[in-house]
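K.L.:
Sequence first, then the predicted structure:
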Amino acid sequence: MPQSGQLLHHCRDEWGDLSVHQDAGRRMLCFGNTVEQSCIDIHQPARLCHHYTQVMMLGFLLAPTVRHCTLLGLGAGALAQAVLAHHSGCKIDAVEMRPKVVELAQTWFALPDDKRLRLHPKDAWEYLNHNPVPTDLILTDLYLGGGMNELQARQHFLAACRGALKPNGILICNYWLKSSLTSHALNEALQTVFDQQVVTLSIPDGNCIAFAFDGGIPRLHSKQFMQAAEALGKNMDIPLQKHARALLHENRQAFRYSHLIEQR
């Protein structure tokens with residue numbers, strides 16, 4: 001998504017330029033170009049602005065229970081803020097390889113100092129290979145200035161993610177549909193690693209969110225699922241029920257023929 005508005009801050013680290021912009025009530029983080037990597041509503045920092053981040057919140061309705069989640073890629077901290085604000089019983093381990101990005105999230109994007117949030121200034125692959133905290137949800141949003149980090153399309157990385165999940169955990173990946181790596185991940189690597197137990201939702205802004213289930217695709221009670229999405233969406237001030245309806249529609253066969261016990 002192109003950025004516009006006032007430049008508030010510019011700096012560099014070993015990976016390149018970083019800039020903070022603000023326009024019409026939104027504050028945006030960019031990595032050396034005019035593409036928003038993350039943004040917050042400056043009046044409601046815990047409100048998710050981007051549709052793809054809103055869709056990722058459906059993972060909290062698809063998992064049986066979520067007491068812990070892992071964020072691979074912090075950015076401006078929008079996802080972390082949303083989880084902290086709306087899931088009080090959930091602890092977070094957030095992994096970000098660029099210490100300067102963590103600093104910007106705290107300084108410019110209101111990332112709170114919360115005992116439920118642990119920050120890891122390291123590469124996601126390094127984190128996954130050094131005793132990662134067992135987790136209910138992993139949300140991967142690994143992007144560089146030039147586009148999606150190819151790591152999240154690689155089978156060895158996805159296998160390490162599955163290894164870090166608790167039983168019945170879910171890996172949620174943000175893929176960019178215009179990347180040549182996306183089809184590889186969705187059609188081969190991700191499906192292989194998770195035994196074909198994957199559902200996806202394409203978003204008009206060019207993203208595709210993939211939900212990969214360690215314990216198999218849940219059989220949903222659609223009415224209860226939609227009611228839960230409506231309630232959470234109202235609390236978060238986002239159209240979560242709309243996203244839930246789209247997810248069910250795009251994956252109606254997968255959910256219908258699941259052999260698992262109903263989750264919701």
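P.N.:
All right, it came through fine.
K.L.:
Going by C-alpha atoms from here, please, whenever you check contacts or count neighbours.
P.N.:
OK.
K.L.:
which residue packs closest to Asn235, ignoring adjacent ones?
P.N.:
Distances taken as CA to CA, 6 or more residues apart in numbering place His86 nearest to Asn235, at 7.5 Å, with adjacent residues excluded.
K.L.:
unless I'm mixing things up, the one you found is touching Met236, no?
P.N.:
Yes - counting by CA atoms under 8 Å, His86 touches Met236, with 7.1 Å between them.
K.L.:
The two: who's more crowded?
P.N.:
Per other CA atoms under 10 Å, whichever of His86 and Met236 has more neighbours is Met236, with 20 against 14.
K.L.:
Counting neighbours, what do you get for Ala24?
P.N.:
Neighbours around Ala24, by other CA under 10 Å: 10.
K.L.:
Got phi/psi on the closest residue in space to Leu111 that isn't next to it in sequence?
P.N.:
Once flanking residues are discounted, Leu111 sits nearest to Ala105: 5.6 Å by CA to CA, 6+ apart. Torsion angles at Ala105 (phi, psi; degrees, to the nearest 10) stand at phi -60, psi -40.
K.L.:
what's downstream of the helix-or-strand element of the chain with minimal mean pLDDT, the next helix or strand?
P.N.:
Scoring the helices and strands of the chain by mean pLDDT, DSSP states H and E places helix 180-184 at the bottom, with a mean of 81. Following helix 180-184 in sequence order, the next helix or strand is helix 190-193 (DSSP states H and E).
K.L.:
helices or strands up against that following helix?
P.N.:
Counting contacts by 3 or more CA pairs under 8 Å, 6 or more residues apart in numbering; DSSP states H and E, helix 190-193 packs against helix 155-164.
K.L.:
Who are the packing partners of the helix it packs on?
P.N.:
Helix 155-164 packs on helix 124-128, helix 190-193, going by 3+ CA pairs under 8 Å, 6+ apart.
K.L.:
what residues does the longest one touch?
P.N.:
Around helix 124-128, the neighbours that count as contacts under CA atoms under 8 Å, 6 or more residues apart in numbering are 72-73, 95-97, 120, 157, 160-161, 164.
K.L.:
what comes up buried for that helix?
P.N.:
124-125, 127-128 (16 or more other CA atoms under 10 Å).
K.L.:
Same question for stretch 30-47.
P.N.:
Judged by neighbour count (16+ other CA under 10 Å), stretch 30-47 contains these buried residues: 30-32, 35-42, 45-47.
K.L.:
Tell me which of those residues has the lowest pLDDT.
P.N.:
Lowest pLDDT within those is found at Val35 (72).
K.L.:
longest helix anywhere in the chain?
P.N.:
Secondary structure of the chain per DSSP state H: the longest helix is helix 222-236.
K.L.:
buried sites along it?
P.N.:
For helix 222-236, a neighbour-count test (16+ other CA under 10 Å) marks 225-226, 228-230, 232-233, 236 as buried.
K.L.:
could I have it exported to PDB, CA atoms only?
P.N.:
Presented in PDB, the C-alpha positions along helix 222-236 are these (Å, rounded to 0.1, in the frame of the first residue of the first chain):
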ATOM      1  CA  SER A 222     -20.900 -21.800  11.500                       C
ATOM      2  CA  LYS A 223     -23.500 -19.800  13.500                       C
ATOM      3  CA  GLN A 224     -21.400 -19.900  16.700                       C
ATOM      4  CA  PHE A 225     -18.300 -19.000  14.800                       C
ATOM      5  CA  MET A 226     -20.000 -16.000  13.100                       C
ATOM      6  CA  GLN A 227     -21.400 -14.800  16.500                       C
ATOM      7  CA  ALA A 228     -17.900 -15.100  18.100                       C
ATOM      8  CA  ALA A 229     -16.400 -13.100  15.100                       C
ATOM      9  CA  GLU A 230     -19.100 -10.400  15.500                       C
ATOM     10  CA  ALA A 231     -18.400 -10.000  19.200                       C
ATOM     11  CA  LEU A 232     -14.700  -9.900  18.900                       C
ATOM     12  CA  GLY A 233     -15.000  -7.600  15.900                       C
ATOM     13  CA  LYS A 234     -17.100  -5.100  17.900                       C
ATOM     14  CA  ASN A 235     -14.600  -5.100  20.700                       C
ATOM     15  CA  MET A 236     -11.700  -4.500  18.300                       C
END
